[in-house]
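Student: Build the 3D model from these lines:
(2 chains)
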Amino acid sequence: MVLATATRPQAASTPPAPPRRRSRRSPGRRQEGLAGYVFLSPWLIGLMAVTAFPVLFSLYLSFTNYDILSSWDMLEWVGTANYEKIFTTDPIFWKSVRVTLTYALIAIPLKLTASLGVALLLNRERRGIGLFRSAFYLPSLLGGSVALALVWVAIFNGEGSFNSFLSLFGIQGEPWINDPDWALGTLMVLSVWQFGGPMVIFLAGLKQVPTELYEAASVDGASRVRQFFHVTLPMLSPVIFFNLVLETIHGFQGFTSAYVISNGSGGPVYSTKIYTLMIYDKGFTDFQMGYASALAWIFLIAIGLITVVFFSTGRFWVHYSDGGDS
Amino acid sequence: MTRARSLSRVAMLLLVLAVVLYPLVWVLGSALKSPTEITSNQGIWPQDVTWSNFTVGWSYIPGVSFSRFFWNSFLIAGASVLANCVSCLLTAYAFARLKFFGRKGWFALMIVTLLLPGHVLIIPQYVLFHEFGWVDTPLPLIVPKLLATEAFFVFLMVQFMRGIPRELDDAAKIDGSGPYRIFWHVIAPLARPALITTAIFSFIWTWNDFFAQLVYLPSVPSYTVPIALRLFVDSSGQTSLGPMLAMSVLSLLPVFLFFLAFQRFLVQGISTSGLKG
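Tutor: You can find the predicted model right below:
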């Protein structure tokens, strides 16, 4: 140990002043700096070629009329025409924004509430917790697949098993998937069904809450409800924040289920035309790559703004017990 | 009082369990129903078990059977697992253990790419790969992963490596090891749990991926299983419902087997890596 601290003078466990502070440029240091970039090089190439360049390139494309079918010579700079068209005359854009926001504002809170609720139920249970936890987690692994979206179509169409279940109670069901008023709802149900992912994170968070806090609260005569609002929720707020950010980003990027359930159309009557579906349609059905890039950039800015809002409001309601991040 | 409470809690958990498992059990049961029964019997259990949906579904698409689609899917998923494990391990080692100029800035950028929506990148990336002549090959789906673009796994491994005691590196340094030997003999072997988590999630996410595969694989022989499943819908007739569900069951099977084999690993991986963020 003595030898180890001698070679690493900045290690926290050695109070006396480091013997040779000036030796920052020692061969070992330089070798480490070089090695750092050697190990980082695949990621750096990826960052430049697959992330940074495409992001900037798509910004450029968004001011052009580029479509992938014609040659590069046909490419014309059109200024802000794409953006103007999107915000003023595009017949689908505002509908799609409304569908996306409706989906996000309902499905995400529902999913988080469900996952927190089940986590609370499960946290009190001693027997069989592992089994329940695994079973509840399973849909998060399967739910994003095409297969599950097809199953959803089979269950929630007019003659599907959900309606035959309802008929047991004498209820005449709707043709859910094919009804403009309900199609988005089936997508939300599919999203909430995958509550297991955030639930597992909530469970881990609940385990971290010190039991002394509950004991102290019940000594003070706090009811279970008060304990939940004054102990559990504040102590859990970093985890709630984490899940909220994660699920929001995830929620806005949904594509598979909406595409499969509407058979690629975003229908009926644009009712499931979420934003990503619109980008895909413009880019890969109409091949209007310039226009689609403009749509994508609006999406990027919107997601960026939402993230900024989350992180700047977070400090007003997220409670870190050690006064900082851990 | 507490007993009643505990009973009602278990009852509620069982109810949630029923709702969660119902679609999965239903698709399994329905895949075994005969073509006539599948429209009349909406229940879970088939009256008499038939396997014809599986054989019909397997060769439902003229000219190309599901053997091809499964092979394509396994190829892409397997390559993604390898690519992610190697590239993210290298990157994570640099971020977690080495000191070099600009490390903090690059790390912040890596976190930003974690939040970047893939749909923003897909159009310019498509234009790029189209210029390379890579469309309709698995390359656009694999090569980016060789370049550690799946930032989530880099982050997961960095978090894990920070938990490996520094004393091990220091001991190796005293023995005269440089950063490369430390990586190979100390960090890489100890990072095995993080590698396993990365491998499992890489496989499952690539297997389930639809968007990128839909964009980059336009011709039927290069289709993967999820893209091929959509063909059942395009020719929407009642007769194809059974084969469609049968193939859906088969497509869910690898993920389900992974889940059975690694469930403890998956759940723990999610809760620890998630919380450290």
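Student: Tell me where the model's unsure across the stretch 101-250 of chain B.
Tutor: In the predicted model of the stretch 101-250 of chain B, residues B:234-239 satisfy pLDDT under 70.
Student: Tally up the residues packed near whatever residue of it ends up closest to chain A, please.
Tutor: For the stretch 101-250 of chain B, the residue closest to chain A is residue B:147, as judged by C-beta to the nearest C-beta, at 2.8 Å. (Each C-beta comes from the backbone N, C-alpha and C, glycine too.) For residue B:147, the neighbour count with other C-beta atoms under 10 Å in any protein chain shown is 21.
Student: tell me the pLDDT at residue 6?
Tutor: Because you didn't say which chain, this covers chain A. Residue A:6 is assigned a pLDDT of 36 by the prediction.
Student: My question was about chain B, not that one.
Tutor: 81.
Student: What residues does the stretch 201-326 of chain A have near chain B?
Tutor: A:201, A:203-205, A:208, A:239, A:242, A:246, A:249, A:252-253, A:255-256, A:259-260, A:263, A:276, A:279-280, A:283-284, A:289, A:292-293, A:296-297, A:299-300, A:303, A:307 (C-beta under 8 Å from any C-beta of the partner chain).
Student: same thing but 7 Å
Tutor: A:201, A:203-205, A:239, A:242, A:249, A:253, A:255-256, A:260, A:263, A:276, A:279, A:283-284, A:289, A:292-293, A:296, A:299-300, A:303, A:307 (C-beta under 7 Å from any C-beta of the partner chain).
Student: Not including adjacent chain positions, what is the nearest residue to the residue of the stretch 101-250 of chain B closest to chain A?
Tutor: residue A:46 (2.8 Å; C-beta to C-beta, 6 or more residues apart in numbering or on different chains).
Student: Count the neighbours of the one you found for me.
Tutor: 23.
Student: can you check residue B:229 too?
Tutor: 25.
Student: care to break the chain down by domain?
Tutor: As the question left the chain open, I've gone with chain A. Following automatic domain parsing, one gets these domains for chain A: A:53-89+A:289-320, A:94-287.
Student: Oops, wrong one, chain B.
Tutor: According to automatic domain parsing, the domains of chain B span B:2-50, B:64-276.
Student: which one of those domains is the most hemmed in?
Tutor: domain B:64-276 (a mean of 19; mean count of other C-beta atoms under 10 Å in any protein chain shown).
Student: Just checking the distance from that one to the centre of its chain.
Tutor: 7 Å (C-alpha atoms, centre = their mean, to the nearest Å).
Student: And for stretch A:74-91?
Tutor: The mean C-alpha position of stretch A:74-91 is separated from the chain mean by 29 Å, C-alpha atoms, centre = their mean.
Student: right, and the residue of the stretch 101-250 of chain B closest to chain A touches residue A:45 too?
Tutor: Yes: in this structure residue B:147 lies within contact range of residue A:45 using C-beta atoms under 7 Å: 5.5 Å.
Student: Point out where chain A drops to low pLDDT.
Tutor: A:1-27, A:321-326.
Student: Against chain B, how distant is the residue sitting nearest the centre point of it?
Tutor: Nearest residue to the geometric centre of chain A (C-alpha atoms, centre = their mean): residue A:250, 2.3 Å. Relative to chain B, residue A:250 is positioned 10 Å away (C-beta to the nearest C-beta, to the nearest Å).
Student: Find the closest residue to chain B in the stretch 151-300 of chain A.
Tutor: Closest point on the stretch 151-300 of chain A to chain B, by C-beta to the nearest C-beta, is residue A:204, at 3.4 Å.
Student: For that residue, what are phi and psi?
Tutor: phi -60, psi -40 (degrees, to the nearest 10).
Student: What is the burial count for it?
Tutor: Residue A:204: 18 neighbours (other C-beta under 10 Å).
Student: Identify the spatial nearest neighbour of residue A:218, chain neighbours not counted.
Tutor: residue A:227 (7.1 Å).
Student: which residues touch the host helix or strand of the one you found?
Tutor: If you go by DSSP states H and E, residue A:227 is part of helix A:224-227. Surrounding helix A:224-227, the residues in contact under the criterion C-beta atoms under 7 Å, 6 or more residues apart in numbering or on different chains are A:214, A:217.
Student: How about that helix, which residues are buried there?
Tutor: residue A:227 (16 or more other C-beta atoms under 10 Å in any protein chain shown).
Student: Who are the contact partners of residue B:85?
Tutor: Here residue B:85 is in contact with B:195, B:198, B:199 (C-beta under 7 Å, 6+ apart).
Student: Can you report phi and psi for it?
Tutor: Dihedral pair for residue B:85: phi -60, psi -50, per degrees, to the nearest 10.
Student: any idea of the pLDDT on it?
Tutor: 96.
Student: how near is it to residue B:146?
Tutor: Taking C-beta to C-beta, to the nearest Å as the measure, residue B:85 falls 11 Å from residue B:146.
Student: again with residue B:94
Tutor: 16 Å.
Student: likewise residue A:165?
Tutor: In terms of C-beta to C-beta, residue A:165 sits 48 Å off from residue B:146.
Student: Same check on residue A:101?
Tutor: Counting by C-beta to C-beta, the gap from residue A:101 to residue B:146 is 37 Å.
Student: Ok, residue B:186 next?
Tutor: Distance from residue B:186 to residue B:146, by C-beta to C-beta: 24 Å.
Student: Repeat that for residue A:36.
Tutor: 20 Å.
Student: Residue A:147 now?
Tutor: 28 Å.
Student: Check residue B:224 too.
Tutor: 19 Å.
Student: Same check on residue A:152?
Tutor: 35 Å.
Student: Do you have the strands of the stretch 101-250 of chain A handy? List them.
Tutor: Along the stretch 101-250 of chain A, no stretch is classed among the strands by DSSP state E, counting those that start in this stretch.
Student: Can you show me the helices along it?
Tutor: In the stretch 101-250 of chain A, the helices defined using DSSP state H, counting those that start in this stretch lie at A:129-142, A:146-156, A:161-167, A:183-193, A:196-208, A:211-219, A:224-227, A:233-252.
Student: out of those helices, deepest packed?
Tutor: Of the helices of the stretch 101-250 of chain A, helix A:146-156 is the most buried (mean count of other C-beta under 10 Å), at a mean of 25.
Student: now that one against helix A:129-142, angle please.
Tutor: The directions of helix A:146-156 and helix A:129-142 differ by 100 degrees, with axes from the mean of the first three to the mean of the last three C-alpha atoms, to 10 degrees as the criterion.
Student: Against which helices or strands is helix A:146-156 packed?
Tutor: Applying 3 or more C-beta pairs under 7 Å, 6 or more residues apart in numbering or on different chains; DSSP states H and E, we find helix A:146-156 packed against helix A:161-167, helix A:183-193, helix A:256-261, helix B:2-31, helix B:225-234, helix B:241-276.
Student: Within range of chain A, give me the residues from the stretch 51-200 of chain B.
Tutor: Residues of the stretch 51-200 of chain B lying near chain A (C-beta under 7 Å from any C-beta): B:87, B:90-91, B:93-94, B:98-101, B:103, B:106, B:109, B:113, B:115-121, B:123-125, B:127-128, B:130, B:144, B:146-149, B:154, B:167, B:170-171, B:173-174, B:178-180.
Student: ok, now with 6 Å
Tutor: B:87, B:90-91, B:93-94, B:98-100, B:113, B:117, B:119-121, B:123-125, B:144, B:147-149, B:170, B:174, B:179 (C-beta under 6 Å from any C-beta of the partner chain).
Student: Which strands or helices does the strand or helix carrying residue B:114 pack on?
Tutor: Using DSSP H and E, residue B:114 sits within helix B:103-115. Under the contact definition 3 or more C-beta pairs under 6 Å, 6 or more residues apart in numbering or on different chains; DSSP states H and E, helix B:103-115 sits against helix B:151-162.
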